[in-house]
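Asks: Predicted model, plus sequence, below.
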Number of protein chains: 2
Amino acid sequence: MPGTADLTAEIAPRRPRVPAAERERMILDAAVTFFAEQGPEGQTRLLARAIGIPHSVLYRHFPSKEDLFAAVCEEMFRRRWQPEWEALPRAPGVSLEERLLRFYRQAGQVILAPEFLRLALFVGLADHPSGAVLRALMRQHVVAPLAAALGTGPAAEEAAWNLHGRVFYAGMRMAVWRGGAPRDPAQAVEAAIRGHVAGALAALPA
Amino acid sequence: MPGTADLTAEIAPRRPRVPAAERERMILDAAVTFFAEQGPEGQTRLLARAIGIPHSVLYRHFPSKEDLFAAVCEEMFRRRWQPEWEALPRAPGVSLEERLLRFYRQAGQVILAPEFLRLALFVGLADHPSGAVLRALMRQHVVAPLAAALGTGPAAEEAAWNLHGRVFYAGMRMAVWRGGAPRDPAQAVEAAIRGHVAGALAALPA
DNA sequence: GCCGTTTGTGACCATTTGGTCAACAGTTTG
DNA sequence: CAAACTGTTGACCAAATGGTCACAAACGGC
């Protein structure tokens, strides 16, 4: 019966072996998009199916779902950030508007990506431990540099939060309420920045 | 043994009967704060415990958890809205800033309440059917009146989205990332409006 | 080819969770 | 008082779900 062996092979096509480090990267990458989409409640079996492995493999590489989710947050809220971006808002010899645009063009690749925004919201809503990391990133590495570019004192920090809030919301309209934002992401963010700078300059003649 | 009867009563203290309409209100009110806190995944047993009833009572009044959640969204995204608010941004004889402040002081009681913001985010993130209702509320009853007050054409609508985004974000910082916003809610929103108007007036000399 | 190590696999487990139900107990009505 | 109705209760069910494990297959050094 030559057909029998083939049939068995088709039913259980043994997946090729992959070294641990590489598999961990595969899992982590898939988990980023998966948890960003489904939230922390996303089922491990679905994630595994998206990768094409039985879900028990996940537990060979990550002790628990919590740990995997924490690793995803670590990746998104810490590892992807580039400290040199923080100098952009104060680059010498460039107009304020242009400096802010450059900052968000770079940093926005990370902090305005739909995955980032959605994950940030999930973490915030669930009051997840990783929220502390997120808040630190926002305050120290985003808002603080912006504030330094906008002036000094509490007024500048206020203005920085406002700017970032406006940009963040522009991103959110696309990452969360998808049905309601037919615009081009980059363009919307750019418009938000230009509008805000025009307003801020008028309001804060410092 | 006089104690026995008392002990039984303490173990199974029969809850007083409540007419159906009243019980439904109790459940709906509790469900609003409960789902706003826990999201659509909140367990019916926990909700029931918060009310002080066995969870089977929920299913006598609502066919399923989905229906209950939909009822909560209906309550939040439709029933609580007062159409007369929509006239406030164009009240005659009042400065623009004051008109906007009045609008948000009224409408903000609903659409900037932490429960509303959190529910809106949960619905958006989960791509829940009620998201359509939410988007309609935002576009037709919030942004459209604002835009009408700010001018005409796409620029006014753009400005309206920006204003609302800024205010929304101010509310969100308190309703979602709780650790990061030590300010007084009403004051933060007011500051956001004043700042935005100052900026918008400077940028849009229409 | 042999053997220890690493990786893939599916069955299995305990708990959780949305939902159901039959029995029981106040209320109302005749 | 009895019957009909309405509301309450806890046990129960099936499916889902995070997590475990024993075993088989591939790999690598000898």
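Replies: In hand now; what should we look at? Numbering: from 1, shown residues only, chains lettered A, B, ... in the order given.
Asks: what helix or strand does residue A:58 sit in?
Replies: Using DSSP states H and E, residue A:58 sits in helix A:56-61.
Asks: what about chain A, any weak spots by pLDDT?
Replies: A:1-12, A:179-183, A:200-206 (pLDDT under 70).
Asks: redo that, cut-off 90
Replies: Low-confidence segments of chain A (pLDDT under 90): A:1-16, A:153-163, A:165-166, A:170, A:173-174, A:177-206.
Asks: buried set for the longest helix along it?
Replies: Secondary structure of chain A per DSSP state H: the longest helix is helix A:153-175. In terms of neighbour count (16 or more other C-beta atoms under 10 Å in any protein chain shown), helix A:153-175 has its buried residues at A:156-175. In short, each C-beta sits where N, CA and C put it, glycine included.
Asks: name the helices or strands packed onto it?
Replies: Helices and strands touching helix A:153-175, as assessed by 3 or more C-beta pairs under 8 Å, 6 or more residues apart in numbering or on different chains; DSSP states H and E, comprise helix A:96-111, helix A:114-126, helix A:144-150, helix A:185-203, helix B:153-175, helix B:185-203.
Asks: residues in contact with the closest residue to residue A:45 other than its chain neighbours?
Replies: Spatially, and ignoring its direct neighbours in sequence, residue A:45 is nearest to residue A:55 (4.6 Å; C-beta to C-beta, 6 or more residues apart in numbering or on different chains). Residue A:55 makes contact with A:44, A:45, A:47, A:48, A:49, according to C-beta atoms under 8 Å, 6 or more residues apart in numbering or on different chains.
Asks: for the fourth one, what are its contacts?
Replies: If I follow you right, that is residue A:48. Going by C-beta under 8 Å, 6+ apart, residue A:48 touches A:54, A:55, A:57, A:58.
Asks: Please report the distance of it from residue A:74.
Replies: 21 Å (C-beta to C-beta, to the nearest Å).
Asks: coming back round to it: save the helices and strands packed on helix A:153-175 as CSV, and put in distance to residue B:35 too.
Replies: Below are the helices and strands packed on helix A:153-175 laid out as CSV (distance: least, C-beta to C-beta, whole Å):
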stretch, distance to residue B:35
helix A:96-111, 29
helix A:114-126, 12
helix A:144-150, 35
helix A:185-203, 30
helix B:153-175, 14
helix B:185-203, 21
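Asks: Residue A:82 contacts residue A:106, correct?
Replies: Yes. Under the criterion of C-beta atoms under 8 Å, residue A:82 makes contact with residue A:106 at 7.4 Å.
Asks: ok, residue A:54 - how many residues close by?
Replies: 11 (other C-beta atoms under 10 Å in any protein chain shown).
Asks: Can you classify it by secondary structure?
Replies: For residue A:54, the assignment made with DSSP: H, G, I helix; E, B strand; the rest coil gives coil.
Asks: And for residue A:196, the neighbour number?
Replies: 25.
Asks: Once you drop chain neighbours, what's closest to it?
Replies: Per C-beta to C-beta, 6+ apart, closest to residue A:196 is residue A:163, 5.0 Å.
Asks: got the contact list for the residue nearest the centre of chain A?
Replies: Centrality entry for chain A: nearest residue to the mean C-alpha point is residue A:116, 1.8 Å, by C-alpha atoms, centre = their mean. Counting by C-beta under 8 Å, 6+ apart, residue A:116 makes contact with A:36, A:76, A:110.
Asks: Could you point out which of those is nearest to residue B:15?
Replies: Distances from residue B:15 to the contacts of residue A:116, taken as C-beta to C-beta, are shortest for residue A:36 (43.2 Å).
Asks: how many other residues sit next to the closest one?
Replies: By the criterion of other C-beta under 10 Å, residue A:36 has 23 neighbours.
Asks: near DNA strand C, which residues of chain A?
Replies: Within chain A, the positions near DNA strand C by C-beta under 7 Å from any atom of the strand are A:12-15, A:17-20, A:23, A:53-54, A:56-57, A:60.
Asks: Check the gap between the closest residue to chain B within chain A and DNA strand D for me.
Replies: Distance from chain B to each residue of chain A (C-beta to the nearest C-beta) is smallest for residue A:199, at 1.9 Å. Distance from residue A:199 to DNA strand D, counting by C-beta to the nearest atom of the strand, to the nearest Å: 45 Å.
Asks: ok, that residue touching residue B:197?
Replies: No. Here residue A:199 does not reach residue B:197: they are 9.1 Å apart, not a contact under C-beta under 8 Å.
Asks: Looking at the two, which is more packed in?
Replies: Each of residue A:199 and residue B:197 has its neighbours counted (other C-beta under 10 Å); residue A:199 has more, 26 against 21.
Asks: Contacts for stretch A:95-107, please.
Replies: Contacts of stretch A:95-107 (C-beta under 8 Å, 6+ apart): A:81-82, A:85, A:88-91, A:94, A:112, A:142, A:145-146, A:149-150, A:163, A:167, A:186, A:189-190, A:193-194, A:197, A:201.
Asks: Go again with 6 Å.
Replies: A:85, A:88, A:89, A:91, A:193, A:197 (C-beta atoms under 6 Å, 6 or more residues apart in numbering or on different chains).
Asks: Which parts of it count as buried, going by neighbours?
Replies: So for stretch A:95-107, counting by 16+ other C-beta under 10 Å, buried means A:97, A:99, A:100, A:101, A:103, A:104, A:105, A:107.
Asks: ok, now stretch A:128-142?
Replies: For stretch A:128-142, by 16+ other C-beta under 10 Å, it's A:128, A:130, A:131, A:133, A:134, A:135, A:137, A:138, A:141, A:142.
Asks: which element is the fifth one on?
Replies: With elements delineated by DSSP H and E, residue A:134 resides in helix A:131-136, which encompasses its position.
Asks: Run the chain-centre distance for that helix.
Replies: Remark: helix A:131-136 is offset 13 Å from the chain centroid, using C-alpha atoms, centre = their mean, to the nearest Å.
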